[in-house]
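here is my input; please provide its structure:
(one chain, ligands or ions: 1)
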Amino acid sequence: MLHASKATVALSVLAGLIAGGSTAGVMTYINRALENGPGNIAALASIFFGLCFISILSGALSVTLLSRITQDNLYELRLWLCRRILATPFQQIQRCGLHRITAALTEDIGSVATAQQVLPDLFIQGSKLIGALVYLGVLSPKLLMLVLVFILGGLFCWRLPTKWAWRSLELVREAQDVLFGHFRAVTEGYKELKLDARRRHAFLSHDLSNTADILRKRHNNANLMLVIAERWSHALYFILIGAGLFLVSRTEDMPREALTGFTLVVLFIGEPLSAVVQVAPIIGKGVVALKNLEALGLTAVDTESDSAAKPLNGAAQPSSLELLGISYKYKGDDEDSSYRLGPLSLHIAPGELVFITGGNGSGKTTLALLILGLYVPDEGSLKFGGELITDENREAYRQNFSAVFADSYVFDSLLGYTSDDVIARANELLVLLQLDTKLQIADGRFSTVDLSRGQRKRLALLTAYLADRPYYVFDEWAAEQDPEFRDVFYLEMLPELKARGKTVIVITHDDRYFYLSDRLLRLTMGQLDGYRFDPDMTGQIPAIESSHV
Ligand SMILES: Nc1ncnc2c1ncn2[C@@H]1O[C@H](COP(=O)(O)OP(=O)(O)OP(=O)(O)O)[C@@H](O)[C@H]1O
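Below you'll find the predicted structure:
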């Protein structure tokens, strides 16, 4: 709400107050008509219908404006959350867990949306309530005090179960995160679960069912508390009517007009009061969702836009890359489950073709993520073109790299690379990558991305090529390619990149092609060794240097 235009908020507040005030005005006329008889029917009727008209019109205006503000805020919230996720360091996103991020993007935004949608009505009902109370205050301050005591007392007692309910809603939300993790297992592990009945049964009857059961119990607890709160407020309302009927009506010095007004007000405030009670859980869920978004701890260290990023001085010329004593540790639950890469140092000259090999889990991908500026080293530093990489220029630093990851995501559109010459280049690459018979490019989109894994990797390569950056990183790109296409990649594409002055880092197990590299590095348990390759021998000569390559 706070981000909306102040004039629109002010207008909707004014319209809401007019709606509430004129509805209260309608009530005074009903009371007057009941007390004094019809009198001048024409005048009374025109004022009555005039007030009804103003109430309906201003109410509609207020709701429309507030709904618009709500939708504007939601639009902002959705974009903000996605921007924030993309500006948060990768290691933090990984620690957070993809299931929590998915839950935030769907569940939490949905809850905030619903909470915002009920706010306009809450506001109108609040105005009506205030209007009715003001009217009662004019009729009889004593009766106003009585009603206020009931409302405030009711709210006080209503708060306790509502507080418990909100706590239960927080627990519900926590369980939902776990449930989203299971949903991911259903979609991403579908084939494995389908294939193995034993595993599927254990998953459904243990993991999923336990979490769903916890969720059901926590929901039931929250609902019970909310029902208690709601019924309590109803009970209080009936007590108030009873007090009016049996106590106030027997008070002798109370004017008749005040008594009729009191009855009308009590009947009239039923709707706004129950609206407040009914929307409370929705607002509660919205508040929990907002807290949850905060708890994700999306600290946007990275600059959110390219234009805000501090440029690198040497970005225009071919630049060398230096890793100076960097190390990175994945923090596991205990020392045994944590992994540390480095400390290691490495110098890569512009135009070099560097191969990195090593056993599974030796740290190749981790090293690539550090080189790409997606991970920030715990110790040590990176220099690009002699310039130190910091939080301020890391975004600009990353723009020097194009990468195809082992688990690359393939977008179905060219996203920002849609100029005529880029599309022409993309069409050439489709032919080179032997994808031209499978898909076409139209309006900056690929006609399909439903491809085999090897073909999807080729499409990812095409996307990386179009970015035309000075540095390329390929993480086991050729692992899923057929032997012929491996030849195309190693014997044609890599030399062509090198000939164009690109610096290329290739993570690979393909020892048949090691001889093509300018330098072959091997990672062993997070430490880097430099190897010289002797084309006359079938293997590599042992390390010439360690950790300072
Ligand atoms: N997200 C993560 N959280 C915690 N530990 C991780 C994470 N990713 C990797 N590791 C650990 O870091 C080590 C290095 O992983 P990395 O993916 O860098 O190895 P790799 O050499 O690329 O392996 P492979 O050849 O199997 O792809 C592994 O032992 C792994 O257990």
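
contact partners of the helix or strand hosting Leu344?
Element membership of Leu344 [criterion: DSSP states H and E] is strand 339-348. For strand 339-348, contacts defined as C-beta atoms under 8 Å, 6 or more residues apart in numbering pick out 320-330, 332, 354, 361, 363, 366-367, 370, 377, 379-380, 503, 505, 521, 526-528, 547-549. Quick note: C-beta positions are derived from backbone N, CA and C, even for glycine.

for the following helix or strand past that strand, name the packing helices and strands.
Downstream of strand 339-348, the next assigned helix or strand under DSSP H and E is strand 353-358. Counting by 3 or more C-beta pairs under 8 Å, 6 or more residues apart in numbering; DSSP states H and E, the packing neighbours recorded for strand 353-358 are helix 364-371, helix 494-499, strand 503-507, strand 519-524.

closest one to the ligand among these?
helix 364-371 (3.3 Å; C-beta to the nearest ligand atom).

next secondary structure after that closest one?
Next element after helix 364-371 (DSSP H and E): strand 379-384.

tell me how far the strand or helix carrying Ile109 lies from the chain's centre.
Element membership for Ile109 (DSSP H and E) is helix 109-139. Relative to the mean C-alpha coordinate of its chain, helix 109-139 is positioned 29 Å out (C-alpha atoms, centre = their mean, to the nearest Å).

any idea of the angle the strand holding Leu344 forms with strand 379-384?
Per axes from the mean of the first three to the mean of the last three C-alpha atoms, to 10 degrees, the angle that strand 339-348 makes with strand 379-384 is 30 degrees.

strand 339-348: which residues count as buried?
For strand 339-348, a neighbour-count test (16 or more other C-beta atoms under 10 Å) marks Tyr339, Arg340, Leu341, Gly342, Pro343, Leu344, Ser345, Leu346, Ile348 as buried.

could you pull out the helices in the stretch 151-300 of the chain for me?
190-195, 197-202, 209-242, 256-295 (DSSP state H, counting those that start in this stretch).

including distance to Asp450 and mean pLDDT, could those helices go into a markdown table?
Output for those, formatted as a markdown table (distance: least, C-beta to C-beta, whole Å; pLDDT from 0 to 100):
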| stretch | distance to Asp450 | mean pLDDT |
| --- | --- | --- |
| helix 190-195 | 16 | 90 |
| helix 197-202 | 26 | 91 |
| helix 209-242 | 32 | 85 |
| helix 256-295 | 34 | 79 |
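
need those helices in CSV with mean neighbour count, can you?
Listed next are the helices of the stretch 151-300 of the chain as CSV, based on neighbours: other C-beta atoms under 10 Å:
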stretch, mean neighbour count
helix 190-195, 11
helix 197-202, 11
helix 209-242, 16
helix 256-295, 19
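
how far off centre is the strand holding Leu344?
For strand 339-348, the distance to the chain centre is 33 Å (C-alpha atoms, centre = their mean).

and the angle for that strand with strand 503-507?
Orientation of strand 339-348 against strand 503-507 (the same axes, to 10 degrees) gives an angle of 150 degrees.

Thr70 against Leu119, yeah?
Yes: in this structure, Thr70 is within contact of Leu119 by C-beta atoms under 8 Å, at 6.6 Å.

could you list the domains of the protein?
6-295, 308-546 (automatic domain parsing).

mean pLDDT lowest where, among the ones you listed?
Of all the domains of the chain, the minimum mean pLDDT falls on domain 6-295 (a mean of 81).

what about it, start to end distance?
End-to-end span of domain 6-295 (C-alpha to C-alpha, to the nearest Å): 29 Å.

repeat for stretch 130-149
End to end - C-alpha to C-alpha - stretch 130-149 spans 15 Å.

use 522 as the first number for this chain going forward.
New numbering, starting at 522: the last item is stretch 651-670.

which residues belonging to that stretch are considered buried?
Here stretch 651-670 shows 651-654, 656-658, 660-661, 664-665, 667-668 as buried, counting by 16+ other C-beta under 10 Å.

tell me which two of the residues you listed sit farthest apart.
Largest separation among the buried residues of stretch 651-670 by C-beta to C-beta: Gly652 and Leu667, giving 18.1 Å.

show me what from this structure comes close to the ligand.
Contact residues, the chain versus the ligand (C-beta under 6 Å from any ligand atom): Gln615, Tyr851, Tyr860, Gly879, Asn881, Gly882, Ser883, Gly884, Lys885, Thr886, Thr887.

what sits opposite the second one in the beta ladder?
As for beta bridges, Tyr851 partners with Tyr860 under DSSP bridges.

can you give me the neighbour number for it?
Neighbours of Tyr851 under the rule other C-beta atoms under 10 Å: 15.

these two touch, right, it and Thr886?
No: applying C-beta under 8 Å, one finds Tyr851 not in contact with Thr886, separated by 11.4 Å.

surely Phe932 touches Thr984?
Yes: contact status for Phe932 versus Thr984: in contact at 7.1 Å, counting by C-beta under 8 Å.

ok, the residue nearest the centre of the chain - contacts?
Nearest to the geometric centre of the chain sits Leu626, at 3.7 Å (C-alpha atoms, centre = their mean). Leu626 is in contact with Leu602, Cys603, counting by C-beta under 8 Å, 6+ apart.

gap between the residue lying closest to Thr683 once chain neighbours are set aside and the ligand?
Excluding the flanking residues, the one nearest Thr683 by C-beta to C-beta, 6 or more residues apart in numbering is Ala750, at 4.8 Å. Distance, Ala750 to the ligand, by C-beta to the nearest ligand atom, to the nearest Å: 43 Å.

shouldn't Ala750 be in contact with Val797?
No: counting by C-beta under 8 Å, Ala750 does not reach Val797; the two are 10.9 Å apart.

kindly format the C-alpha coordinates of the strand holding Leu865 as PDB.
C-alpha atoms of strand 860-869 as PDB (Å, rounded to 0.1, in the frame of the first residue of the first chain):
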ATOM      1  CA  TYR A 860      34.000 -29.800   1.500                       C
ATOM      2  CA  ARG A 861      36.800 -27.300   0.900                       C
ATOM      3  CA  LEU A 862      38.300 -26.200  -2.400                       C
ATOM      4  CA  GLY A 863      41.700 -24.700  -2.400                       C
ATOM      5  CA  PRO A 864      43.500 -22.500  -1.300                       C
ATOM      6  CA  LEU A 865      44.700 -22.400  -4.900                       C
ATOM      7  CA  SER A 866      46.200 -19.900  -7.300                       C
ATOM      8  CA  LEU A 867      45.800 -19.800 -11.100                       C
ATOM      9  CA  HIS A 868      46.700 -17.500 -13.900                       C
ATOM     10  CA  ILE A 869      44.900 -17.700 -17.200                       C
END
